[in-house]
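> Mind folding the following:
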Amino acid sequence: MFHPNSLVFYMSGGMYTITKCIAVDQPTLARITELTLPSKDVRMSGTLSQLTRLHSIQRITVKQREAANLLKQKIVQGEINWNKTHKHQSATIRRLMNKEVTQKSSRQCILSKRKDIEKVKFNVLLLSQEKSRKIVFLRNKTQIMKSFFEENYVITNKLTEMKETLYTDIRNLNQLSITSDSVETLSGLSNQLTHRKKQLISELNYIYPITEVDNRLTISNVHLPNSENFDGCNDIQLSVSLGYVAHLVIMISYFLNIPLRYPINHYGSRSKIIDHISVDIQDRERLFPLFGRSKAKLEFNYAVYLLNKNVAQLRWYHNYSTNDLRKTLYNCLIILQPQSSLLKHHSSKLTRSNSSSESTLNLPSASSRDIFEEHTTGSIDSRSMGLQYSLSDPSLSENKRKVISHSS
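Next up, the predicted model:
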């Protein structure tokens, strides 16, 4: 592996030499490390004469060690005659050999030595027994330690699971806190929105003020009587006031974001209302005018009834019950001005005629259908008024109409 006359240093970490001393190109276990140092830090480790002298000293040391081992073996085997003088004996050996031979031990000394030996043996026996006991004790402690280790391992696993559960609960709690904050924020925004809706609805009173003139409720200074008291009223006055009420209802439903049960087509004093609910009405006849009472009284009265139903729907949203649908402006006034003094003043002037039976509703004449009107007494609500259409009864002719009215 190395070239002849190579200098190899054998140390605890391995053998070290320069690359030129290696015989093979790339030894299997060789680790070549080159380190470049400054020239001022490099110096000769020794000259050839110093290395030769060091090698001679090592050879002499080895020979003396071998001679000492040989002499030791001879002494042990008793091959040396100490009576004869040897020229080559060292001064130390001669000094050791020239000592006076000690006298033989007496019997008492031997007995004492034996006694000491017995004591030592007894102590050794006691120590061996103690050792055995300690070994058993150590084994028991080892078993206990293993059991404790297993228990600790199980407890550690449980703690790890509980820790993960705790982290999960903490995350859920954080999410719940965020959700709670969101709910509180949403509640605050909802309260603000409700307050803003009420504010906008109250501001409609500046556009369509409902006031009392000559002991009569008016909207924008236009009087609108109750639904039963349209006789003798001007058609233009009725159409204008109903147009105001229709626009007021549309704006309130828009602010509250509530779709009306009966949609309204607002065209000022020529507004119309649509009935999509009644199943006995043909599709082309579902539009009822809020004007022209003298021309189409039945359709006009039914349109006013539907408008009052829309007002009752908005009142229900504000948690107000509607006992009488006929008082249109009074019902609207409660929505616009819940604390108005007109409410108490007007309610004190109610007469028994306001709680009488609902007026008869008649639909306009048509050559293609027979119309029956059904009238109920008492207050008008969603269950107390209805229209019946007989479109397919063969017993009724086209030119025959029967209007059945029940007076209270």
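> so which strand or helix has Glu212?
For Glu212, the host element (DSSP states H and E) is strand 210-213.
> now that strand, how far from the chain's geometric center?
Offset of strand 210-213 from its chain centre (CA atoms, centre = their mean, to the nearest Å): 57 Å.
> What helices and strands are in contact with the following helix or strand past it?
On the C-terminal side of strand 210-213, the closest following helix or strand by DSSP H and E is strand 216-219. Here strand 216-219 touches strand 210-213, helix 235-256, helix 328-336, going by 3 or more CB pairs under 8 Å, 6 or more residues apart in numbering; DSSP states H and E. Where you see a C-beta, it was placed from the backbone N, CA and C, and this is true even at glycine.
> try 6 Å this time
Judged by 3 or more CB pairs under 6 Å, 6 or more residues apart in numbering; DSSP states H and E, strand 216-219 is in contact with no other helix or strand.
> Keeping just the C-alphas, turn that strand into PDB.
Provided in PDB are the C-alpha atoms of strand 216-219 (Å, rounded to 0.1, in the frame of the first residue of the first chain):
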ATOM      1  CA  ARG A 216    -111.700  65.600   8.300                       C
ATOM      2  CA  LEU A 217    -108.500  63.800   7.600                       C
ATOM      3  CA  THR A 218    -106.700  64.900   4.500                       C
ATOM      4  CA  ILE A 219    -103.500  63.900   2.600                       C
END
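> What average pLDDT does it get?
Per-residue pLDDT over strand 216-219 has a mean of 87.
> In stretch 249-264, which residues are buried?
Within stretch 249-264, the residues that qualify as buried are Val249, Ile250, Met251, Ile252, Ser253, Phe255, Leu256, Leu260, Tyr262, Pro263, Ile264, counting by 16 or more other CB atoms under 10 Å.
> Could you look up the SS state of Asn205?
helix (DSSP: H, G, I helix; E, B strand; the rest coil).
> gap between the helix or strand encompassing Leu51 and the chain center?
Per DSSP H and E: Leu51 is located in helix 48-77. Distance, stretch centre to chain centre, for helix 48-77: 85 Å (CA atoms, centre = their mean).
> Begin at 59 from now on, thanks
Happy to do that; since the first residue is 59 now, the last one works out to helix 106-135.
> re the thing from before, within its sheet, name the partner strands of the strand holding Glu270 and how each one runs.
strand 274-277 (antiparallel) (DSSP bridges).
> which residues are in contact with the partner strand?
Contact partners of strand 274-277, identified using CB atoms under 6 Å, 6 or more residues apart in numbering, comprise Tyr266, Ile268, Thr269, His281, Ser299, Tyr302, Leu387.
> pLDDT averaged over the next helix or strand after it - what is it?
Downstream of strand 274-277, the next assigned helix or strand under DSSP H and E is strand 280-281. If you average the pLDDT over strand 280-281, you get 88.
> Repeat that for stretch 400-412.
pLDDT averaged over stretch 400-412 gives 55.
> Same question for stretch 291-310.
Mean predicted lDDT for stretch 291-310 stands at 91.
> Walk me through the domains of this protein.
Split into domains by automatic domain parsing, the chain comes to 59-93, 181-263, 266-413.
> Let me know which of the ones you listed is tucked in deepest.
Mean neighbours per residue, mean count of other CB atoms under 10 Å, is largest over these for domain 266-413, with a mean of 17.
> and that domain, how far from the chain's centre?
Using CA atoms, centre = their mean, the distance from the centre of domain 266-413 to the centre of the chain it belongs to is 50 Å.
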